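Participant: have a look; sequence and predicted model below, questions after that.
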Amino acid sequence: MRVLIWFPVLLMVACGGAGTTTPPDTISPELVTPTPQTVLPTPVASVVPSETVAATLDAVERGRALFRNKGCIICHVNNQVEGQTGVLGPIGPNLTNYTNDPEFLRRWLADPPAVRPGTQMPNLRLSTAEIEDLIAFLNEPR
Ligand code: HEC
């Protein structure tokens, strides 16, 4: 009688215990791996600012390159840009220490004549990304 009672139990253990010993590769990763937010709130929060600083520096450097490549240097003197600037006169204001409200600059760089009819600064058909980079460059703290 004892053997008959234990037999099914032994059979279950031998067959893998009815799911109690699932092989590791069948456990779905999201059940085992905690999401970064729940485990590392402080490190994640402290990493973001330095990445933001790096992204801003990139934008500043891209803006500096655009200032040359988009021809701003022809009309504007800017000592933050290598080489000769303001070659054409200069006909625009010196932008070396120029900063301004990003909202104004977004409208200005997108379409100067729309902001100030009759201005000599043309619409240079800049993309939104180019405008953001140029603003980062112009407003760079120095
Ligand atoms: C063809 C010449 C010309 C080119 C090219 C040019 N600008 Fe200008 N820019 C001007 C002139 C002229 C003004 C003065 C606008 C006015 O008051 O009518 C000006 C004004 C500005 C101002 C000051 C706006 C204000 O009133 O505060 C900024 C900023 C500026 N330009 C940025 C740029 C940038 C960035 C580029 C390149 C993407 C560029 N400009 C290309 C001629 C030019």
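Facilitator: Everything's here; your move. Numbering: from 1, shown residues only.

Participant: which strand or helix spans Arg64?
Facilitator: helix 41-69 (DSSP states H and E).

Participant: wondering if the following helix or strand past that helix reaches the ligand at all.
Facilitator: Per DSSP H and E, the first helix or strand lying C-terminal to helix 41-69 is helix 72-75. Yes. Legend: contact between helix 72-75 and the ligand by C-beta under 6 Å from any ligand atom is shown at Cys72, Ile74, Cys75. Just so you know, the C-beta spots here come from the backbone N, C-alpha and C atoms, and that holds for glycine as well.

Participant: and the buried ones among these, selectable in ChimeraX?
Facilitator: Provided next is the ChimeraX selection string for whichever of the residues of helix 72-75 next to the ligand are buried by 16 or more other C-beta atoms under 10 Å:
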select :72,75
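
Participant: so which of the residues of helix 72-75 next to the ligand is the closest to Arg125?
Facilitator: Cys72 (13.2 Å; C-beta to C-beta).
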